[in-house]
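**Student:** quick one: sequence and predicted model below, then my questions.
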Amino acid sequence: MKSRSTPLRVSTDPHRLHQRQVEALYQLAPAAVLFSYAGALISLAVIYRSGDAEGGLYWFAFATFVMLLRSAVLWQYWQTPDALNHVRIWVRLMVGVNFLAGIQWGLLGTVFFASPDIYRELFILMVIICYVAGSIVPFSPVKWAHPALAIPATLPPIIYIFFVHGGPQWLPGIMALFFIFTVMYFSFKQHRAVANRLSLELQNEALVEKLNSYNNELGEQNDQLKHRSAVVKVAQLDQRRRAGILSSHIERTLLPVIECDCRFNIVTWNDASDSLLGYRIDEVCGQNFGELFFPPERRSNINTFVEKLFQEGCATTIDMMLVTRSQQRVPVRFYVTPILADDHSPLRIAVIITENYSELKRGNHAGFDSPTSKA
């Protein structure tokens, strides 16, 4: 079953396709020229044995001239560094020398056809047919390279043999003309097949080139990502080191350090807090810090204070009494710091406590209503 899906195609540059066709033509042409000249040598031998040596030498001299012209074109093509930049010139040269080669074989089938030796006539027909049909493949990359050889090599002999020599022979002549038609048909079919193959090769090369380009871009992006990942890892390690140092400092400092959530509920604290407050962290985790340790007369303003703290977004200090587990009131100073997320939403509240042995003035007992100072 044939697939109904249409394959992905890439547009082909006509100039590049023409260059590839000329390149293929000049790769195959040397063998065709060599074989053609070998056939001319054998034909000379046949003509010589049939008793027409002088005419055969003239014809062979012309065949040698054609061979030298074809060889000169091929040599000049190989010696020209930018030959493919002028493809039209090389196409015209090849079509021209092929036309001369066709005249060469056409002369063999007209001037030298008539002979008392029947084998020479059969040999000439065989040579023309073989070289015309066998030249389809080497000259098919360029459209008119093979017809330039085939038409002058076959049409004059057909007209001479079937309509001039020995009188008109309509049926064999028509069949011979049909032979020319079939040769031209398969010549053009082969040309289209070669052109399609070369076009697919160019498309494949273009796809491979794009794929390599994408791979190079991906490689560069991967290198950039690796570099960024390395930078991020170094930064993470540095942050972990700094966090470890800070955590060690907080755990070992003599100052009580408490971490609360955005509603002032206790999350964790250090060992110094145990000594001052009289609780272990597992006993009070999740409870509201203000309701647990502030004097009863100051607990009503906790929510208002927390909202104002995050609205202002800056640290503050509060001087007031701290109620420990044993209900002892200790004059302290709270250093309260709001911690915001990247989107400035409330995240944590950090509290550091220092004992305040100076006598608290009555005006400083405002507590949450008017903090004494801000940092």
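**Tutor:** Thanks, I have the structure now. Residues are numbered from 1 along each chain as shown.
**Student:** hey, let's count contacts and neighbours off CA atoms from now on
**Tutor:** OK.
**Student:** quick check: which ranges of the chain have low pLDDT?
**Tutor:** Scanning the chain for pLDDT under 70 picks out 1-11, 357-375.
**Student:** ranges for the strands of it?
**Tutor:** In the chain, the segments counted as strands under DSSP state E are 257-261, 266-269, 316-323, 329-340, 346-355, 373-374.
**Student:** same list (these) but as CSV, adding mean neighbour count and distance to Pro172.
**Tutor:** Below are the strands of the chain laid out as CSV (neighbours: other CA atoms under 10 Å; distance: least, CA to CA, whole Å):
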stretch, mean neighbour count, distance to Pro172
strand 257-261, 21, 108
strand 266-269, 20, 110
strand 316-323, 22, 117
strand 329-340, 19, 103
strand 346-355, 19, 104
strand 373-374, 12, 118
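**Student:** looking at these, which is nearest to Pro141?
**Tutor:** Judged by CA to CA, the one of the strands of the chain that comes nearest to Pro141 is strand 329-340, at 74.9 Å.
**Student:** what's the angle between that closest one and strand 316-323?
**Tutor:** 140 degrees (axes from the mean of the first three to the mean of the last three CA atoms, to 10 degrees).
**Student:** contact partners for Met321?
**Tutor:** 294-295, 329-332 (CA atoms under 8 Å, 6 or more residues apart in numbering).
**Student:** leaving aside the residues next to it on the chain, what's closest to it?
**Tutor:** Residue nearest to Met321 in three dimensions, not counting chain neighbours: Pro331, with 4.5 Å by CA to CA, 6 or more residues apart in numbering.
**Student:** surely the one you found meets Val323?
**Tutor:** No - using CA atoms under 8 Å as the test, Pro331 is too far from Val323 to be in contact (9.1 Å).
**Student:** thinking again about what came up before, of the contacts of Met321, closest to Arg242?
**Tutor:** Val332 (29.1 Å).
**Student:** if we can go back for a sec, who wins for proximity to Val183 among the strands of the chain?
**Tutor:** It's strand 329-340; of the strands of the chain, that one is closest to Val183 (CA to CA) at 87.3 Å.
**Student:** tell me the angle of the closest one relative to strand 257-261?
**Tutor:** 50 degrees.
**Student:** name the helices or strands packed onto strand 329-340?
**Tutor:** Using 3 or more CA pairs under 8 Å, 6 or more residues apart in numbering; DSSP states H and E as the contact test, the elements touching strand 329-340 are helix 302-312, strand 316-323, strand 346-355.
**Student:** and the second one, which strands flank it?
**Tutor:** Spelled out, that is strand 316-323. strand 329-340 (antiparallel), strand 373-374 (antiparallel) (DSSP bridges).
**Student:** could you dump those strands to JSON lines with distance to Leu171?
**Tutor:** Listed next are these as JSON lines, based on distance: least, CA to CA, whole Å:
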{"stretch": "strand 329-340", "distance to Leu171": "104"}
{"stretch": "strand 373-374", "distance to Leu171": "119"}
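**Student:** of those, which is nearest Leu74?
**Tutor:** strand 329-340 (81.5 Å).
**Student:** near Met94, how many other residues are there?
**Tutor:** Residues near Met94, counting by other CA atoms under 10 Å, number 26.
**Student:** with adjacent residues omitted, what lies nearest to it?
**Tutor:** Ala145 (6.6 Å).
**Student:** ok, the closest residue to Val87 other than its chain neighbours to Asp342 distance?
**Tutor:** Spatial nearest neighbour of Val87, excluding adjacent residues (CA to CA, 6+ apart): Gln19 at 6.1 Å. Plainly put, Gln19 is 62 Å away from Asp342 if you go by CA to CA, to the nearest Å.
**Student:** which one of the two is surrounded by more residues?
**Tutor:** The residue with more neighbours, out of Gln19 and Asp342, is Gln19; 18 against 8, by other CA under 10 Å.
**Student:** so how far is Asp82 from that one?
**Tutor:** For Gln19 relative to Asp82 (CA to CA), the value is 11 Å.
**Student:** from Leu177, how far off is Gly102?
**Tutor:** Taking CA to CA, one finds Gly102 at 16 Å from Leu177.
**Student:** tell me which of the two has more neighbours.
**Tutor:** Gly102 (26 against 16).
**Student:** which residue packs closest to Val91, ignoring adjacent ones?
**Tutor:** Val22 (6.9 Å).
**Student:** burial check on that neighbour, number of neighbours?
**Tutor:** There are 21 residues near Val22, going by other CA under 10 Å.
**Student:** if I read this right, it contacts Val142, doesn't it?
**Tutor:** Yes - with contacts counted by CA under 8 Å, Val22 reaches Val142, the gap being 6.6 Å.
**Student:** find the residues that touch each one of the two.
**Tutor:** By CA under 8 Å, 6+ apart, the residues touching both Val22 and Val142 are Val91.
**Student:** nearest to Leu69, out of the helices and strands packed on strand 329-340?
**Tutor:** Across the helices and strands packed on strand 329-340, closest to Leu69 is strand 346-355 (CA to CA), at 91.4 Å.
**Student:** pull the contacting residues for the nearest residue to Leu100 once chain neighbours are set aside.
**Tutor:** Nearest residue to Leu100, sequence neighbours excluded (CA to CA, 6+ apart): Val66, at 6.5 Å. Taking CA under 8 Å, 6+ apart, we find Val66 in contact with 97, 100-101, 104.
**Student:** returning to that earlier point: correct me, but the residue nearest to Val87 touches Leu84?
**Tutor:** Yes - the pair Gln19 / Leu84 is scored as a contact, 5.6 Å apart, by CA under 8 Å.
**Student:** before we move on, the earlier item: how near is the residue nearest to Val87 to Glu355?
**Tutor:** Relative to Glu355, and taking CA to CA, Gln19 is found at 92 Å.
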